[in-house]
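Peer 1: Turn this into a model:
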Amino acid sequence: MVLVLLYLDPQAVVTWESLSIGELGALVQYDEKFETWRQVNKTKTRIQYLKQQTCQVLPLDVSAQEFINAYAQFLQRQGKLEVPSYVELVKTSAGNELPPQDAEGWFYKRAASVARHIYLRKTVGIGKLNKVYGGSKNRGPRSGKHVDASGSVNRRVVQALEKIGVLELASNGGRKISENGQRDLDRIAAQTLEAEDDE
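Peer 2: All right, here's what the predicted structure looks like:
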């Protein structure tokens with residue numbers, strides 16, 4: 001797959017992430033009369049294009065919340081993810097007053113969310129995950145301020161995903177998605193898109 005950025009005319013910039021060269025032929029063709037590239041496929045979104053073509057579905061193509069719920073259920077059914085014993089008691093950030101309400105399922109949802117986050121970016125470290133999953137601390141009458149998420153929780157999530165082969169160490173630091181993890185996430189994304197179409 002290649003990342004493609006096409007300038008069809010100065011006013012319109014069309015971006016299609018991860019389309020192969022063969023799929024590009026269905027989108028644009030060279031117009032000899034005007035000596036320029038023209039858009040052939042008039043679909044407005046990538047989702048419409050995916051419904052017309054047999055193209056790979058990515059987690060980016062599906063609603064984030066629905067994908068995370070579906071992947072969390074997959075991880076829970078699989079039963080391989082190592083869940084720490086303290087998940088019912090621990091807060092996920094110093095800015096939180098209480099632990100998560102979903103005592104059993106929040107760890108799977110966080111793992112699914114971390115896997116999606118790393119899939120959409122090349123490499124991510126624990127520090128960046130702490131910033132992303134942090135939130136605003138309620139300081140009473142004073143204005144709130146950002147507080148990072150718990151590094152221990154994010155580290156345990158990443159280590160658990162690494163153990164089951166979804167993530168692997170990146171050469172330049174941090175973690176990246178493995179081939180097996182990418183295949184699983186793509187499959188879950190395709191199933192989620194089919195479920196959306198059925199409803």
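Peer 1: what residue ranges in this structure score low on pLDDT?
Peer 2: Within the chain, the ranges that satisfy pLDDT under 70 run 1-55, 198-199.
Peer 1: quick check: longest helix of it.
Peer 2: Using DSSP state H, we find that the single longest helix of the chain is helix 179-198.
Peer 1: Kindly format the C-alpha coordinates of it as CSV.
Peer 2: Output of helix 179-198 as CSV, limited to C-alpha atoms (Å, rounded to 0.1, in the frame of the first residue of the first chain):
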residue,chain,number,x,y,z
GLU,A,179,2.0,-7.8,11.3
ASN,A,180,-0.3,-10.1,13.3
GLY,A,181,-1.7,-7.1,15.1
GLN,A,182,-2.3,-5.2,11.9
ARG,A,183,-4.1,-8.2,10.4
ASP,A,184,-6.3,-8.6,13.4
LEU,A,185,-7.2,-4.9,13.5
ASP,A,186,-8.0,-4.8,9.8
ARG,A,187,-10.2,-7.9,10.1
ILE,A,188,-12.1,-6.4,13.1
ALA,A,189,-12.5,-3.1,11.1
ALA,A,190,-14.0,-5.0,8.1
GLN,A,191,-16.4,-6.8,10.4
THR,A,192,-17.4,-3.6,12.1
LEU,A,193,-18.1,-1.9,8.8
GLU,A,194,-20.2,-4.9,7.7
ALA,A,195,-22.2,-4.7,11.0
GLU,A,196,-22.8,-0.9,10.4
ASP,A,197,-24.1,-1.7,6.9
ASP,A,198,-26.5,-4.3,8.2
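Peer 1: Please enumerate residues in contact with that helix?
Peer 2: Helix 179-198 is contacted by residues 47, 50-51, 56-59, 61-63, 66-67, 70-71, 74, 115-116, 119, 161, 165-167, 177 when judged by CB atoms under 8 Å, 6 or more residues apart in numbering. All C-beta atoms are positioned from the backbone trio N, CA, C, and that covers glycine.
Peer 1: The most centrally placed residue in the chain is in what secondary structure piece?
Peer 2: With distances taken as CA atoms, centre = their mean, R116 lies nearest the centre of the chain, 2.7 Å away. Assigned by DSSP states H and E, R116 belongs to helix 106-120.
Peer 1: list the helices and strands the next helix-or-strand element following that helix packs on?
Peer 2: As assigned by DSSP H and E, the chain's next helix or strand after helix 106-120 is helix 126-132. With contacts defined as 3 or more CB pairs under 8 Å, 6 or more residues apart in numbering; DSSP states H and E, helix 126-132 has these neighbours: helix 106-120, helix 151-163.
Peer 1: Any idea how far helix 126-132 is from the middle of the chain?
Peer 2: Taking CA atoms, centre = their mean, to the nearest Å, one finds helix 126-132 lying 15 Å from the centre of the chain it belongs to.
Peer 1: go on, stretch 68-79?
Peer 2: 14 Å.
Peer 1: if we can go back for a sec, and the longest helix of the chain, what's buried?
Peer 2: 181-182, 184-186, 188-193 (16 or more other CB atoms under 10 Å).
Peer 1: Please report how far D102 lies from I68.
Peer 2: 13 Å (CB to CB, to the nearest Å).
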